[in-house]
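[1] The amino acid sequence is not available; the structure is as follows:
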């Protein structure tokens with residue numbers, strides 16, 4: 001539901017930000033040699049999260065990037081402080097059902113975020129939808145402009 005409702009908003013936002021381009025069959029056709037593609041930025045984000053590396057997580061966002069869950073954090077300093085508090089509670093973070101769209105200088109990925117960890121000695125799993133908006137920078141690299149997550153469902157696990 002979250003992803004379906006969010007898609008029209010994303011397309012309208014992207015249409016206002018960049019000229020419409022023909023669909024790209026192979027996103028790597030637009031890649032700059034040696035520069036990670038947007039999908040790889042999410043892979044790096046997951047690896048940094050699972051390594052509890054708050055500084056690395058924040059570095060994957062634009063300098064004024066945003067991360068929205070129940071609150072919105074803006075800028076690398078706020079992001080790093082938020083991640084420093086939150087990643088230590090999570091033993092494992094993965095992204096499922098990843099879907100990717102490239103639109104000129106912008107790209108976005110939607111999927112299901114799954115986090116596992118412990119709270120007050122109880123093992124829990126939290127699943128929720130996410131949408132990550134990437135923007136190509138002037139040097140050809142990609143950074144996260146905004147990550148939005150919502151619709152969390154918490155389950156106790158053994």
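    Thanks, I have it. Everything numeric here is computed off the predicted structure, so don't read it as measured data.
[2] so where is the chain shaky, pLDDT-wise?
    Within the chain, the stretches with pLDDT under 70 are 1-35.
[3] what ranges do the helices span in this structure?
    2-17, 38-50, 54-59, 76-86 (DSSP state H).
[4] Check which residues of stretch 49-57 are buried.
    49, 52, 53, 54, 56, 57 (16 or more other CB atoms under 10 Å). The C-beta positions use only the backbone N, C-alpha and C, and glycine is treated the same way.
[5] Go through those and name the one nearest residue 67.
    Ranked by distance to residue 67 (CB to CB), those are led by residue 57 at 8.9 Å.
[6] Give me the distance between that closest one and residue 134.
    Note on residue 57: its distance to residue 134, by CB to CB, to the nearest Å, is 15 Å.
[7] before we move on, what about residue 53?
    From residue 53 to residue 134 the distance is 19 Å (CB to CB).
[8] so what's residue 63 closest to, chain neighbours aside?
    Excluding its sequence neighbours, the residue lying closest to residue 63 (CB to CB, 6 or more residues apart in numbering) is residue 76, at 5.9 Å.
[9] For stretch 132-144, measure first residue to last.
    7 Å (CA to CA, to the nearest Å).
[10] chain center to it, what's the gap?
    Remark: stretch 132-144 is offset 12 Å from the chain centroid, using CA atoms, centre = their mean, to the nearest Å.
[11] how about it: buried residues?
    132, 133, 134, 135, 136, 142, 143, 144.
[12] list the contacts for the residue nearest to residue 63?
    Residues in contact with residue 76 (CB atoms under 8 Å, 6 or more residues apart in numbering) are 58, 59, 61, 63, 65.
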